[in-house]
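# Following is a predicted model, sequence given first.
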Amino acid sequence: MRAGLITFFLVLTAILAGITAQWPPAGFAFLLVGPLAMLGLRHLPLDELSARAVFVITASLAVTSVAGLAALWPPGAYGALVVAPIVGLGIVDMIQREHAIRRNFPVVGNLRYFAEGLRPGVQQYYIENNTDGRPFPREERSLIYQRAKGLRDTIPFGTERDVYAVGYEWINHSLVPKPAAHPAPRVLIGNGACTHPYSASLLNISAMSYGSLSSNAIEALNRGALDGGFAHNTGEGGISQAHLQGGDLIWQVGTGYFGCRTAEGGFDREQFRAQASLASVRMIELKLSQGAKPGHGGILPAAKVTAEIAEIRGVPVGRSVISPPAHRAFSTPVGLLEFLTELRELAGGKPVGFKLCIGKRREFLAICKAMAETGLHPDFITIDGGEGGTGAAPVEFSNTLGCPLTEGLVFAHSAITGVGYRDRVKLLASGKVASGFGLVRLMSLGTDACYSARAMMMAVGCIQARQCNTNGCPTGVATQDPSLTVGLVVDEKAPRVARFHQETVDAALDLVGAAGLESPEELRPWHVLRRTEANVVQHYGNLFDFLEPGELLQPIPPPDYARAWHAAQANSFDAASI
């Protein structure tokens, strides 16, 4: 009965509309149809009708009303400008097959998708408090922006953090504080086997490829590195013209060998030699894995692969670029060290190292065992944490794969110390460094210098919109869309990068001095404390097992390392029989 009545009025409306189009006076018939429709519909249990039926009824009445009004008062036909698009949208919603909500709830179902699109911004700007945002809370983002712009970076009325919450960390001060070290100390990398060692800043720009970031963003970062006297890691995407603004470069070579790649995707020695000879290239970093997606390789969406990027990387235009998860140039721990030695020679004696996120402890110990057995070693090792960021990664890889930086750094520091090579291998750390305390904390755990990626992005304008994987970054940082990159003015943003770097390092040195230390080199695990339970506080020296020099080489290795150490073998990443 209901369906029949609805169909009747629809057909009648259509017939009258057609007649009216040919003979306008027929529109007066709508004055009769409208009241009849209302009389009939008032007997329908609308609460039992589907949303589709309600839309059909409402659309019919709206069309009837506009037609009747237009017959009496011709300007009333303008009401069709409002009614027609809404009715048209509802019809499209009912016909389309992709979205069940739109199909079942014409017109109003679109509000769900509209609200879903608004949610991240509403959450960030109107709901989250200063300490709850992720990956970076508003408090940290504001600190980065304020320091980058040279604005006041103090906070009023005390901390908003719960200092009695489990996980709260702090550094103990001294009653005999020391003046902050100025100028800031630097870290000499490659002072053993290198003929061109590099004096690095305590804080540098972490690996972010041109392609993932726009040319304007890369150029601003490199100019900032030049002005501030620190290094800029190229990321695995190769060296672009935007990188060559005078700032020191750490050239990262990944599994795709971009910039030193054969047509088949292998390693090209002559291309590597040519690139490594560039004056701006100060160190070479071989990427084994990345914290945000360890064991996965790099991903550059097709939308970002422009002709320029394709030329730099040696890949086809307009196709997604997926780096292999593993290297082809070597397959064993000894092979890795031999490859690094070859890279050092090809680079003319510049420091070489590798970057990884700690996974299987046995595999890293295999590299350490290979050092002990061959005498070969990298000049530096970069430890990336599982909390690291990236433009695009599978959810499972970002959320649940790879060791967090704190545990990974402590393990790597102890493992290298345990085989007696810590004085020859510098440790760099990368993972959400955004403040002076972030630097101090990692240096107390054993790192010599730090990288920062997302904080440096924020210094050039990133607002944590989390659109990096869409090519739609609204600030022009992580996109190749010219209509968006034009908004990032290099001359304005480059000084912000240098200023953020300087003020963050200065803040770290202030903390070091407040702790009664002359230099960051004096930081030790016991200088940083963590609340582990409601009424229990422990320093890092108690929380983690730090090895003594050569301890892994003793006949009986430390219990926590024994099984992995015995399973590690220098000639294979596979486990030995134990």
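Nice, I can see it.

# Could I get the contacting residues of Ala507?
Shown in contact with Ala507 (CB atoms under 8 Å, 6 or more residues apart in numbering): Ser435, Gly436, Phe437. The C-beta positions use only the backbone N, C-alpha and C, and glycine is treated the same way.

# Hmm, Thr504 and the second one touching each other?
When you say that, I think you mean Gly436. Yes: between Gly436 and Thr504 a contact is recorded at 5.7 Å, counting by CB atoms under 8 Å.

# and Phe267, how far is that from Asp423?
Shown here: Phe267 relative to Asp423, a distance of 30 Å by CB to CB, to the nearest Å.

# Which one's more surrounded, these two?
Using other CB atoms under 10 Å as the criterion, Phe267 and Asp423 rank with Phe267 on top: 19 against 11.

# so which helix or strand takes in the closest residue to that one other than its chain neighbours?
Closest residue to Phe267 apart from its sequence neighbours, by CB to CB, 6 or more residues apart in numbering: Ala329 at 4.5 Å. For Ala329, there is no host helix or strand (DSSP states H and E).

# how about Ala329, what does it touch?
Here Ala329 is in contact with Tyr257, Gly266, Phe267, Phe339 (criterion: CB under 8 Å, 6+ apart).

# buried subset of those?
Among these, those classed as buried by 16 or more other CB atoms under 10 Å are Tyr257, Phe267, Phe339.

# out of these, who's nearest Val477?
Taking CB to CB as the measure, Tyr257 is the one of the buried ones among the contacts of Ala329 closest to Val477, at 26.1 Å.

# Now do the domain split for the chain, please.
2-104, 184-514 (automatic domain parsing).

# per-residue confidence averaged over the first one?
Just to be clear, that refers to domain 2-104. Computed over domain 2-104, the mean pLDDT rounds to 69.

# all numbers from here: first residue = 785
Renumbered: residue one is now 785, and that last one reads domain 786-888.

# Among the domains of the chain, pick out the one with the most neighbours on average.
Of all the domains of the chain, domain 968-1298 has the most neighbours on average by mean count of other CB atoms under 10 Å, namely a mean of 21.

# taking the mean pLDDT, what do you get for that domain?
90.

# what does the model give Phe1328 for pLDDT?
pLDDT at Phe1328 comes out at 92.

# which residues does the nearest residue to it once chain neighbours are set aside contact?
Spatial nearest neighbour of Phe1328, excluding adjacent residues (CB to CB, 6+ apart): Val1194 at 4.5 Å. Listed by CB under 8 Å, 6+ apart, the contact partners of Val1194 are Leu1229, Gly1230, Tyr1324, Phe1328, Phe1330.

# now Leu935
So Leu935 contacts Tyr929 (CB under 8 Å, 6+ apart).

# pull the longest helix from the chain.
Counting by DSSP state H, the longest helix found in the chain is helix 1274-1298.

# ok now that helix, how far from the chain's centre?
Remark: helix 1274-1298 is offset 21 Å from the chain centroid, using CA atoms, centre = their mean, to the nearest Å.

# for stretch 1216-1226, same thing?
For stretch 1216-1226, the distance to the chain centre is 17 Å (CA atoms, centre = their mean).

# what sits up against that stretch?
919-920, 924, 927-928, 953, 955, 986-987, 1169, 1171-1173, 1189, 1193, 1213, 1234-1236, 1238-1239, 1288-1296, 1304, 1307, 1311-1312.

# Among these, name the ones in strands.
Those of the contacts of stretch 1216-1226 mapping onto strands are Glu953, Ile955, Leu987, Ala1213, Cys1234, Tyr1235, Ser1236, Val1312, per DSSP state E.

# Just to check, the first one is in contact with Thr1316?
No: taking contact to mean CB under 8 Å, the distance of 10.3 Å between Glu953 and Thr1316 leaves them out of contact.

# Show the residue spans covered by the strands in the stretch 985-1134 of the chain.
Using DSSP state E, counting those that start in this stretch, the strands of the stretch 985-1134 of the chain run over 987-989, 1015-1017, 1032-1037, 1065-1071, 1083-1084, 1105-1106.

# ok, now which ones touch Met1242?
Counted by CB under 8 Å, 6+ apart, Met1242 has contacts Phe920, Arg925, Ile928, Tyr929, Ala932, Gln1248.

# Next, give phi and psi for it.
phi -70, psi -30 (degrees, to the nearest 10).

# Tell me the spacing between it and Lys1277.
From Met1242 to Lys1277 the distance is 11 Å (CB to CB).

# Gly1119 now?
42 Å.

# what do you get for Gln1036?
Gln1036 is 22 Å from Lys1277, by CB to CB.

# Also Leu1301?
Distance, Leu1301 to Lys1277, by CB to CB: 34 Å.

# same deal with Ile939?
Taking CB to CB, one finds Ile939 at 25 Å from Lys1277.

# Quick one: list the elements packing against the helix or strand in which Leu845 is found.
Assessed by DSSP H and E, Leu845 sits inside helix 835-856. Contacts defined by 3 or more CB pairs under 8 Å, 6 or more residues apart in numbering; DSSP states H and E place helix 835-856 against helix 786-806, helix 814-825, helix 864-879, helix 884-888.

# mind redoing it with 7 Å?
Here helix 835-856 touches helix 786-806, helix 814-825, helix 864-879, going by 3 or more CB pairs under 7 Å, 6 or more residues apart in numbering; DSSP states H and E.

# sorry, back to before: could you export the contacts of Ala1291 to TSV, including columns for secondary structure and distance to Ser1182?
Converted to TSV, those look like this (DSSP: H, G, I helix; E, B strand; the rest coil; distance: CB to CB, whole Å):
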residue	secondary structure	distance to Ser1182
Ser1219	coil	23
Gly1220	helix	27
Phe1221	helix	24
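
# Distance to Pro859 for the residues you listed - can I get that in CSV?
Formatted as CSV, the contacts of Ala1291 follow (distance: CB to CB, whole Å):
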residue, distance to Pro859
Ser1219, 64
Gly1220, 68
Phe1221, 68
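
# Show the contacting residues for Ala1154.
Ala1154 makes contact with Pro1117, Val1118, Leu1121, Ala1354, according to CB atoms under 7 Å, 6 or more residues apart in numbering.

# can you pull the contacts of the first one?
In this case it means Pro1117. Neighbouring residues of Pro1117 by CB under 7 Å, 6+ apart: Ala1150, Ile1151, Lys1153, Ala1154, Ala1354, Phe1357.

# In terms of helices and strands, where is the third one?
Mapping Lys1153 onto the secondary structure by DSSP H and E places it in helix 1145-1158.

# Run the chain-centre distance for that helix.
Using CA atoms, centre = their mean, the offset of helix 1145-1158 from its chain centre is 30 Å.

# likewise stretch 1233-1249?
Between the centre of stretch 1233-1249 and the centre of its chain there are 9 Å (CA atoms, centre = their mean).

# Okay, now it: how far is its last residue from its first?
Stretch 1233-1249 has an end-to-end distance of 29 Å (CA to CA, to the nearest Å).

# Which of the buried ones among the contacts of Ala1113 fall in helices?
Phe1123.

# just the buried ones among the contacts of Ala1113 now: which is nearest Pro967?
Nearest member of these to Pro967, counting by CB to CB, is Phe1123, at 36.3 Å.

# With adjacent residues omitted, what lies nearest to the closest one?
Phe1114 (4.6 Å).

# you'd agree that neighbour is up against Thr1125?
No: contact criterion CB atoms under 7 Å: Phe1114 and Thr1125 do not qualify, at 11.0 Å.

# picking that back up, could you dump the contacts of Val1194 into TSV with distance to Leu1185 added?
What follows is those, written out as TSV (distance: CB to CB, whole Å):
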residue	distance to Leu1185
Leu1229	22
Gly1230	23
Tyr1324	25
Phe1328	22
Phe1330	26
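
# hmm, who's touching stretch 873-884?
With CB under 7 Å, 6+ apart as the criterion, stretch 873-884 contacts Arg836, Phe839, Ala843, Arg886, Arg887, Pro890, Val891, Gly893.

# tell me which of those is nearest to Gly1143?
Among those, and counting by CB to CB, the member closest to Gly1143 is Arg886, at 43.6 Å.
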